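K.L.:
have a look; sequence and predicted model below, questions after that.
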Amino acid sequence: MTPEDILTGPLLERIRGRAAGYDRDNAFFHEDLADLQAAGYLKIFVPAVDGGLGLGLTEAAQLQRLLATAAPATALAINMHLVWTGVAQVLAARGDSSLDFILQEAAQGEVFAFGNSEAGNDSVLFDSRTEAVPLPDGGYSFTGRKIFTSLSPAWTRLGIFGKDSSAQDGAGELVHGFITRATPGYEILPDWDTLGMRASQSNTTLLDGAVVPAERIFRKLPVGPNADPLIFAIFACFETLLAAVYAGIGERALTLGVEAVERRTSFKNGGRSYAQDPDIRWKVAEAAMAMDALYPQLSRVAADVDELVDHGSQWFPRLVGLKVRATETARAVVDLAIRVSGGSSYFRGSELERLYRDVLAGMFHPSDDESAHNTVANAWLGPLDTP
């Protein structure tokens, strides 16, 4: 089965045809989601015996790259569901069945989303500003503010985490669990009015005593970096699938740039095509070479996750390095495509204009540029000396 067998030409064209309208209206991609659900797309990682596609991260990344060439914001939001189902699959492949229920519920049509990001929390998964209060029955009550909650209008299962400051003799413990759409104690704010990636509707979620019952608490981890397989699985799926989306943006921008160059003609050069202009050709070549370097890196990292390759302490540098390479490459390629396409790309409604806004979101996803470089430097040079 190829990506084109799942994301067929007609399906992609329908999705592409709706992207500009969603962006213009700042609207969620309800029709895209319905089409993708009908195609079994949200069951990429669900085993075939359970009605899913039974694919791995390699194929999922290829699919997300292809989807992003049509609608980046749709692909970015779908990523959040695929990250959770991917985490469950990555853990299961390594003998950890703690999140098998995610695959079982995804097979039944449930839609998963991430409620982890917090403003001002640069520790990301290693600490939390959300309060998790233990309850007598083993559940927890969560109170805090989560940002960038993609799929806000559609999720039926939201993964959240917070800190139980009373645990571990006051050192604190990070508690992970899931709420459902019917859980009381949360509010979705209609505050997603952004420069780009508008259809993702990644609204702020306020947790105000939202209770996760004991059976939906799936991890308790110490505060700070740790080697729990859950952390690896989240980073592996999040960074790889994120890189795939931005690779798709770069791929589409290059295609649009080439089409524009072949279409445009030079008045001062007697109507010759800009495809014959050496300076323009250099820019197109620069964009193409940048993309050519990204594709194999994306494929190799995804394949290494699927093949259970043990990179030890080098795994996180590989993952954050891929994310930075993908987002920065895509941004550079979109810029080059706009440069060779002329002033028409500056007008509202141009696809390149939309891609230019969408691609900027890449700098805000974890791991950011500074954090990624720190991770890689520590892997190669060791941590900074303390005074």
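P.N.:
Happy to help now that I have it. If you're wondering where the values come from, they're calculated on a predicted model, not measured in any experiment.
K.L.:
so the residue of the chain most remote from its centre, which of the three states?
P.N.:
Distance from the centre of the chain peaks at Gly270, with 46.3 Å (CA atoms, centre = their mean). What DSSP: H, G, I helix; E, B strand; the rest coil gives for Gly270 is coil.
K.L.:
tell me how far it lies from Gln276.
P.N.:
Separation of Gly270 from Gln276 (CB to CB, to the nearest Å): 11 Å. (C-beta placed from N, C-alpha, C; glycine too.)
K.L.:
what does Glu307 give?
P.N.:
46 Å.
K.L.:
got it, and Gln89?
P.N.:
49 Å.
K.L.:
so those two - more neighbours on which side?
P.N.:
Remark: of Gln89 and Gln276, Gln89 carries more neighbours, 29 against 12, as counted by other CB atoms under 10 Å.
K.L.:
counting by contacts, list what the host helix or strand of the more buried one packs against.
P.N.:
Gln89 belongs to helix 72-93 when elements are defined using DSSP states H and E. Judged by 3 or more CB pairs under 8 Å, 6 or more residues apart in numbering; DSSP states H and E, the packing partners of helix 72-93 are helix 9-25, helix 30-38, helix 57-70, helix 100-107, strand 112-115, helix 229-263, helix 351-359.
K.L.:
just checking: what are the partner strands of the fifth one?
P.N.:
When you say that, I think you mean strand 112-115. Strands flanking strand 112-115 in the sheet, each with its direction: strand 157-164 (parallel) (DSSP bridges).
K.L.:
pLDDT-wise, which helix or strand of the protein ranks last?
P.N.:
strand 265-266 (a mean of 82; mean pLDDT, DSSP states H and E).
K.L.:
could you say what helices and strands it packs with?
P.N.:
If you count contacts as 3+ CB pairs under 8 Å, 6+ apart, strand 265-266 packs onto strand 272-273.
K.L.:
the strand it packs on pairs with which strands?
P.N.:
In the sheet, strand 272-273 lines up with strand 265-266 (antiparallel) (DSSP bridges).
K.L.:
right, and Leu352 touches Val333 too?
P.N.:
No. Using CB atoms under 8 Å, Leu352 is not in contact with Val333, being 10.8 Å away.
K.L.:
please say which of the two ends up with more neighbours.
P.N.:
Neighbour count, other CB under 10 Å: between Leu352 and Val333, Val333 has more, with 28 against 21.
K.L.:
can you tell me the element the more buried one falls in?
P.N.:
helix 315-341.
K.L.:
and that helix, which residues are buried?
P.N.:
By 16 or more other CB atoms under 10 Å, the buried positions in helix 315-341 come out as 315-334, 336-338, 340-341.
K.L.:
before we move on, back to that, between helix 229-263 and the helix holding Gln89, find me the angle.
P.N.:
Angle, helix 72-93 to helix 229-263, by axes from the mean of the first three to the mean of the last three CA atoms, to 10 degrees: 150 degrees.
K.L.:
list the buried residues in helix 72-93.
P.N.:
Buried residues in helix 72-93, counting neighbours by 16+ other CB under 10 Å, are found at 72-92.
K.L.:
gap between that helix and the chain center?
P.N.:
Put simply, helix 72-93 sits 8 Å off its chain's centre (CA atoms, centre = their mean, to the nearest Å).
K.L.:
over to stretch 28-47?
P.N.:
The chain centre lies 16 Å from the centre of stretch 28-47; the measure is CA atoms, centre = their mean.
K.L.:
same check on stretch 372-387?
P.N.:
With CA atoms, centre = their mean, you get 26 Å for stretch 372-387.
K.L.:
got the CA positions of stretch 76-90 in PDB?
P.N.:
This file holds the C-alpha atoms of stretch 76-90, laid out as PDB (Å, rounded to 0.1, in the frame of the first residue of the first chain):
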ATOM      1  CA  LEU A  76      -0.500  19.800  11.800                       C
ATOM      2  CA  ALA A  77      -3.700  19.300  13.800                       C
ATOM      3  CA  ILE A  78      -4.100  15.600  12.700                       C
ATOM      4  CA  ASN A  79      -0.500  15.200  13.900                       C
ATOM      5  CA  MET A  80      -1.700  15.500  17.500                       C
ATOM      6  CA  HIS A  81      -4.000  12.500  17.200                       C
ATOM      7  CA  LEU A  82      -1.300  10.500  15.300                       C
ATOM      8  CA  VAL A  83       1.300  11.300  17.900                       C
ATOM      9  CA  TRP A  84      -0.800   9.700  20.700                       C
ATOM     10  CA  THR A  85      -1.600   6.600  18.600                       C
ATOM     11  CA  GLY A  86       2.000   6.500  17.400                       C
ATOM     12  CA  VAL A  87       3.200   6.700  21.000                       C
ATOM     13  CA  ALA A  88       1.000   3.700  21.900                       C
ATOM     14  CA  GLN A  89       2.400   1.800  18.900                       C
ATOM     15  CA  VAL A  90       6.000   2.600  19.600                       C
END
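K.L.:
lovely, talk soon.
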